[in-house]
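> sequence below, structure please.
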Amino acid sequence: MVKNLYIVTPRGFCAGVEMAIKALTWMLKIYDETIYCYHEIVHNDWIVERFKNKNIKFIESAEELPEKAVLMLSAHGTAPDVESQFNSISSIQVNAVCPLVTKVHHEAKKFTEAGQKIIYVGHKNHDEAIGALGVAPESMFLVEKEEDLDQLDISNEDVALLAQTTLAMSEWEPIMDSAREKYPNLNMPRKSDLCYATTNRQEAVINVSSFVDVVLVVGSDTSSNTKALVSTIKNLGKESYRVNTTQEIDSLDLYGKNVAVTAGASAPDHIVQEIIKKLEPEKTEFFENTNETEYFPLPKELRSNITAVSKFLLNIFPDNDVEPIRSINKDRQWTATEALNSL
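Below you'll find the predicted structure:
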């Protein structure tokens, strides 16, 4: 069907998504009741449906949570007041927030305590933006595009700039440059708020773009970083399409073209492989731009719970000497793909 196919690396699950998926899988294995999750655990339709079919119920407010329920907070981060509401209702609460999102929350708190107003660059109504803005709602102002800066009524002094981690560099950089020009004393974190995985995937598709006619980005419509990959390629004047199933490529004119395939940070690799198979390339090449080795450990609350369950079982079965196949001590060796396959 296609001429040359370039399979791009890095693609697919980032460290934060890996951690969140494995954490929710562990919850299913140690609790036999319905587990509630605030927001979709990650923004991928297939993964959400997989968990829904295994007694996970996704909710959008504290009003939906029954008293004494088991709860997980999603990877996108939760506003402090919302987390507090959940804490007063749930019996067990595990926070699977990505550490890079936590970094932005800490920065928002620090700048607010220093008396600064914060410009937050993000997407309105995105789960991550809602959570971040909830850290300091009285001092944070959402900006989605350069023109929004002109609408801000804040003084030139004591202004800070933060960002949603999953933005496209092409979204972030023009706003950052304009903000620096408008606010000469602008404060920013020493390290970029943009997620390493988001940036790595965007750089990879930029670098592969000169070899191809079309870039296919595997991921769901709810995924901000997936959309960022598509817009990154389109900004280069190239064709790019977001696809979530093999059926969605049927309507695309790909015959005889050079095509690259990548995936957003929450897209399962089996969907990528299904799409690759359907494309039937004359030649396949592997385009490796960056090798990612980042690892985020399971949430500390979950690690404590798993350890407590393990000790309890050892007390009941003191003579058991079978080495566990999976344990928190072996978490680095267990992938999110394996976790999903175990459900």
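> what's the burial count for the closest residue to Glu282 other than its chain neighbours?
Spatial nearest neighbour of Glu282, excluding adjacent residues (CB to CB, 6 or more residues apart in numbering): Lys3 at 5.4 Å. C-beta coordinates here come from the backbone N, C-alpha and C atoms, glycine included. Number of residues near Lys3 (other CB atoms under 10 Å) recorded here: 15.
> now do stretch 2-12: everything it contacts.
197, 200-201, 204-205, 208, 211-212, 218, 254-265, 267-269, 272, 276, 279-292 (CB atoms under 8 Å, 6 or more residues apart in numbering).
> and for stretch 177-197?
Applying CB under 8 Å, 6+ apart, the external contacts of stretch 177-197 come out as 10, 14-16, 98, 100, 103-104, 107, 111, 116, 119, 146, 149, 156-167, 169, 172, 176, 199, 225, 265, 292, 294.
> can you flag the buried ones in the residues you listed?
For those, a burial check counting by 16 or more other CB atoms under 10 Å picks out 10, 14-16, 98, 100, 103-104, 107, 111, 116, 119, 146, 149, 158-167, 169, 172, 176, 199, 225, 265.
> could you pull out the strands for this structure?
In the chain, the strands defined using DSSP state E lie at 4-9, 35-38, 56-59, 70-73, 92-95, 117-121, 140-143, 159-163, 214-218, 239-243, 259-263, 283-288.
> give me the low-pLDDT residue ranges for the stretch 101-250 of the chain?
Within the stretch 101-250 of the chain, no stretch falls below the threshold (pLDDT under 70).
> can you give me the helices in it?
Secondary structure of the stretch 101-250 of the chain by DSSP state H, counting those that start in this stretch: the helices cover 127-133, 146-149, 169-182, 196-208, 224-234.
> can you redo these as JSON lines with distance to Asp32?
Shown next, in JSON lines, are the helices of the stretch 101-250 of the chain (distance: least, CB to CB, whole Å):
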{"stretch": "helix 127-133", "distance to Asp32": "28"}
{"stretch": "helix 146-149", "distance to Asp32": "48"}
{"stretch": "helix 169-182", "distance to Asp32": "44"}
{"stretch": "helix 196-208", "distance to Asp32": "34"}
{"stretch": "helix 224-234", "distance to Asp32": "34"}
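> so which of those helices comes closest to Ser342?
Closest to Ser342 of the helices of the stretch 101-250 of the chain, according to CB to CB: helix 196-208, at 23.6 Å.
> so which bits of that closest one are buried?
Counting neighbours by 16+ other CB under 10 Å, helix 196-208 gives 196-202, 204-206, 208 as buried.
> now the angle from it to strand 283-288?
Angle, helix 196-208 to strand 283-288, by axes from the mean of the first three to the mean of the last three CA atoms, to 10 degrees: 130 degrees.
> please save the CA atoms from helix 196-208 in PDB.
Extracted in PDB, the C-alpha atoms of helix 196-208 (Å, rounded to 0.1, in the frame of the first residue of the first chain):
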ATOM      1  CA  TYR A 196      10.400  15.500  28.100                       C
ATOM      2  CA  ALA A 197       8.300  12.900  26.300                       C
ATOM      3  CA  THR A 198       6.100  15.500  24.600                       C
ATOM      4  CA  THR A 199       9.200  17.400  23.400                       C
ATOM      5  CA  ASN A 200      11.100  14.200  22.400                       C
ATOM      6  CA  ARG A 201       8.200  13.000  20.200                       C
ATOM      7  CA  GLN A 202       7.800  16.400  18.600                       C
ATOM      8  CA  GLU A 203      11.500  16.600  17.800                       C
ATOM      9  CA  ALA A 204      11.400  13.100  16.400                       C
ATOM     10  CA  VAL A 205       8.600  13.800  13.900                       C
ATOM     11  CA  ILE A 206      10.300  17.100  12.900                       C
ATOM     12  CA  ASN A 207      13.500  15.100  12.100                       C
ATOM     13  CA  VAL A 208      11.700  12.400  10.200                       C
END
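> so how far is Leu298 from His106?
Per CB to CB, to the nearest Å, His106 is found 20 Å from Leu298.
> the more surrounded of those two?
Neighbours were counted for His106 and for Leu298 using other CB under 10 Å; Leu298 has more, 19 against 12.
> got a list of what that one touches?
Per CB under 8 Å, 6+ apart, neighbours of Leu298: 19, 22-23, 26, 306, 328, 331.
> go on, Ser240?
214-217, 229-230, 232-234.
> adding distance to His43 and neighbour count, write these out as CSV.
Output for the contacts of Ser240, formatted as CSV (distance: CB to CB, whole Å; neighbours: other CB atoms under 10 Å):
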residue, distance to His43, neighbour count
Val214, 24, 19
Val215, 20, 25
Leu216, 18, 29
Val217, 13, 29
Leu229, 13, 30
Val230, 14, 20
Thr232, 18, 25
Ile233, 19, 24
Lys234, 20, 14
